[in-house]
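Student: no FASTA, just this:
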């Protein structure tokens, strides 16, 4: 069956023989007491399993990334799931670790993110919607901090001088709370909601009487842009207690504003860090689901890939690596963004060393980079993409070669996976394979996992097994101790291909302030477009000679990184004219329809 003749993703998922999650857990070596069931088909896994298995060697660690994508995406999640199923088909205990999707994009354009065709995580309705409530916990913790911040602004204004001491004094705090003197113009902590709602990007809050708050301009972000989400993805520990301590410390370090004297105001200063941690206690354990072919799928955390790491959680990987021969995980967007952050931020936080990079490419994306017409979500592809065009494709392979070069800079073997579509010709597939091999990939294979499940990814699985036997000479791109500007320039020049970096005065001032505050040793999390190797989404292929602009630099001190902005970063998306939620409903039997 070709991908063009497949049933819908949700029809495939709902027809699947979904096994009890306890069966999946027992098969991989988990005990009953290590499972926290959420119904029959999903469960949280207690992190103390890492403590129990501390003497066991880790399995092989595989990260799936991609070339510079079209707006349609090139199939990293389906490839990660298909590869995991393929590894199972050739006799290996395999598991996949994925991000939990936000419901904002699910109801906006994407319609779902559980994979596709016969390479999905199931139940896909659970995967795409509430799952086990982690995103809701993040929203509650984040917004509790926002409420605490605005309440402190109001109360300090309403009780000037000695009246503040009188209002806040208690038996254990006879001098009252310290006055924080928060400068409202420095507040960086927005509220969050897990929906695409552009009307919340700009607002005025605190209007009314003195008891109604402190009037100021504010906004909302989507929940997955929260620093609390970024923290959840990077927490690590050798047990639940270890990870919980790390979570508590990171939450306490988050900077939400600055005082009039220029001192950072943290959640610890607001006295809310402990309560935020309590709200996150259950979310700390990863959720276990399954692929369509019964391999374990850990779903945990879902940070933005532009302003955060764009990866699933460290703790999910730690659990999976103790229980599997091969663990496949995914890094958001292309290798220039998600994979670079996976290596320089996530691996730095976890201490884990990757064994193989799988680079996903599609012929349609390479044709776009070769000069093909614009690709737009919701519109039919131009004939150049559905008919054989070797000339256009060959020009576009420059982007593939650049991404292979990026991965090789980290010293990890690269396998190129050509995600095949029904309109791709054998000549086109072979051209891409040869280009990948010439660029230094250890293997390049076509994969048809969407149409055939694990059977369509056996060649890819065998290539990954062979590549994992090669030495991985992994190394970071920069030392964390380097000055902030040096680290930015290493990424811009060695990964993006920039000639140099320019800084607006505001950005340079922020960098100096962070280094004075002791934040200079944090790794860099570059925020830029995913639609180009450069900062400009219109520059396709392999741009050269451009100047990478840094207009602003922010700090996620709790998560543990500095993020420079190389363009306008949207942290609250909007809905399109015809959003995906219009096709989502229930049928006469109460089943969900319309997810994809």
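Tutor: Yes, it's here. Note that the coordinates shown come from a computational prediction; the quantities given were computed from them, not determined experimentally.

Student: now residue 146: how far from residue 205?
Tutor: Per CB to CB, to the nearest Å, residue 146 is found 10 Å from residue 205. The C-beta positions use only the backbone N, C-alpha and C, and glycine is treated the same way.

Student: which one's more surrounded, those two?
Tutor: More crowded of residue 146 and residue 205, by other CB atoms under 10 Å: residue 146, with 19 against 16.

Student: that one - nearest residue in space that isn't next to it in sequence?
Tutor: Leaving aside its sequence neighbours, residue 146 sits nearest to residue 191 (CB to CB, 6 or more residues apart in numbering; 4.7 Å).

Student: show me what contacts the one you found?
Tutor: Contacts of residue 191 were listed using CB atoms under 8 Å, 6 or more residues apart in numbering, and they are 142, 143, 146, 218, 219, 220, 221.

Student: any idea how far residue 335 lies from residue 243?
Tutor: The gap separating residue 335 from residue 243 is 28 Å, by CB to CB.

Student: inside strands: which ones of the contacts of residue 191?
Tutor: Among the contacts of residue 191, DSSP state E puts 218, 220, 221 in strands.

Student: which of these sits closest to residue 76?
Tutor: The closest of the ones in strands among the contacts of residue 191 to residue 76 turns out to be residue 221 (CB to CB; 23.9 Å).

Student: return the set of residues that bridge with the closest one.
Tutor: residue 192 (DSSP bridges).

Student: contact partners for it?
Tutor: Applying CB under 8 Å, 6+ apart, the residues near residue 221 are 190, 191, 192, 571, 572.

Student: could you dump those into a markdown table and include distance to residue 238 and pLDDT?
Tutor: Output for these, formatted as a markdown table (distance: CB to CB, whole Å; pLDDT from 0 to 100):
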| residue | distance to residue 238 | pLDDT |
| --- | --- | --- |
| 190 | 34 | 97 |
| 191 | 35 | 98 |
| 192 | 31 | 98 |
| 571 | 33 | 93 |
| 572 | 37 | 95 |
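
Student: nearest to residue 589, out of those residues: which one, please.
Tutor: Lowest distance from residue 589 to the contacts of residue 221 (CB to CB) belongs to residue 192, with 34.9 Å.

Student: for residue 206, see how far away that closest one is.
Tutor: Per CB to CB, residue 192 is found 18 Å from residue 206.

Student: those two: which is more packed in?
Tutor: Between residue 192 and residue 206, counting by other CB under 10 Å, residue 192 is the more crowded of the two (27 against 16).

Student: pretty sure the more buried one sits against residue 226.
Tutor: Yes - applying CB atoms under 8 Å, one finds residue 192 in contact with residue 226, separated by 5.0 Å.

Student: now do the shared contacts for those two.
Tutor: Residues touching both residue 192 and residue 226 (CB under 8 Å, 6+ apart): 138, 139, 142.

Student: so which of the residues you listed wins on neighbours?
Tutor: Most surrounded of those: other CB under 10 Å gives residue 138, at 29 neighbours.

Student: wait, that residue sits on residue 226?
Tutor: Yes - under the criterion of CB under 8 Å, residue 138 makes contact with residue 226 at 5.6 Å.

Student: could you pull out the strands for the stretch 1-150 of the chain?
Tutor: Remark: strands assigned in the stretch 1-150 of the chain by DSSP state E, counting those that start in this stretch are 35-37, 43-45, 60-66, 94-98, 115-116, 119-122.

Student: ok so, going back, out of the shared contacts of residue 192 and residue 226, which are inside helices?
Tutor: Residues of the shared contacts of residue 192 and residue 226 located in helices (DSSP state H): 138, 139, 142.

Student: and residue 568, what pLDDT?
Tutor: On pLDDT, residue 568 comes in at 82.

Student: and if you look at residue 112?
Tutor: pLDDT at residue 112 comes out at 80.

Student: quick one: it and residue 583, what's the gap?
Tutor: Note on residue 112: its distance to residue 583, by CB to CB, is 11 Å.

Student: give the contact list for residue 189.
Tutor: For residue 189, the contacting residues are 145, 146, 149, 256, 257, by CB under 8 Å, 6+ apart.

Student: rerun that using 6 Å as the cut-off
Tutor: For residue 189, the contacting residues are 146, 149, 256, by CB atoms under 6 Å, 6 or more residues apart in numbering.

Student: cool, residue 53 as well?
Tutor: Listed by CB under 6 Å, 6+ apart, the contact partners of residue 53 are residue 322.

Student: and residue 107, how many neighbours?
Tutor: For residue 107, using other CB under 10 Å, the count is 22.

Student: what do you get for residue 370?
Tutor: Residues near residue 370, counting by other CB under 10 Å, number 21.

Student: surely it is in contact with residue 396?
Tutor: Yes - using CB atoms under 6 Å, residue 370 makes contact with residue 396 at a distance of 3.1 Å.

Student: need the ones in helices among the shared contacts of residue 192 and residue 226 in JSON lines with distance to residue 65 and pLDDT, can you?
Tutor: Shown next, in JSON lines, are these (distance: CB to CB, whole Å; pLDDT from 0 to 100):
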{"residue": "138", "distance to residue 65": "25", "pLDDT": "98"}
{"residue": "139", "distance to residue 65": "29", "pLDDT": "98"}
{"residue": "142", "distance to residue 65": "28", "pLDDT": "98"}
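
Student: quick one: the residues you listed as JSON lines, columns for distance to residue 547 too.
Tutor: Formatted as JSON lines, those follow (distance: CB to CB, whole Å):
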{"residue": "138", "distance to residue 547": "37"}
{"residue": "139", "distance to residue 547": "38"}
{"residue": "142", "distance to residue 547": "35"}
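
Student: between those, which is closest to residue 61?
Tutor: If you rank these by distance to residue 61 using CB to CB, residue 138 comes first, at 26.0 Å.

Student: leaving out the residues flanking it, which one is nearest to the closest one?
Tutor: Leaving aside its chain neighbours, residue 138 sits nearest to residue 228 (4.8 Å; criterion: CB to CB, 6+ apart).

Student: so what's that neighbour up against?
Tutor: Contact analysis of residue 228 by CB under 6 Å, 6+ apart lists 138, 141, 142.

Student: nearest to residue 42, of the shared contacts of residue 192 and residue 226?
Tutor: When the shared contacts of residue 192 and residue 226 are compared against residue 42 (criterion: CB to CB), the nearest one is residue 138, at 18.2 Å.

Student: that older thread, tell me the most buried of the strands of the stretch 1-150 of the chain?
Tutor: Comparing the strands of the stretch 1-150 of the chain by mean neighbour count (mean count of other CB atoms under 10 Å), strand 94-98 comes out on top with a mean of 31.

Student: A helix includes residue 156, no?
Tutor: Yes - judged by DSSP: H, G, I helix; E, B strand; the rest coil, residue 156 forms part of a helix.

Student: relative to residue 261, how far out is it?
Tutor: Distance, residue 156 to residue 261, by CB to CB: 14 Å.

Student: these two: who's more crowded?
Tutor: For residue 156 versus residue 261, neighbours defined as other CB under 10 Å are more numerous around residue 156 (18 against 7).

Student: what segments of the stretch 351-500 of the chain are strands?
Tutor: 356-361, 414-419, 443-447, 500-503.
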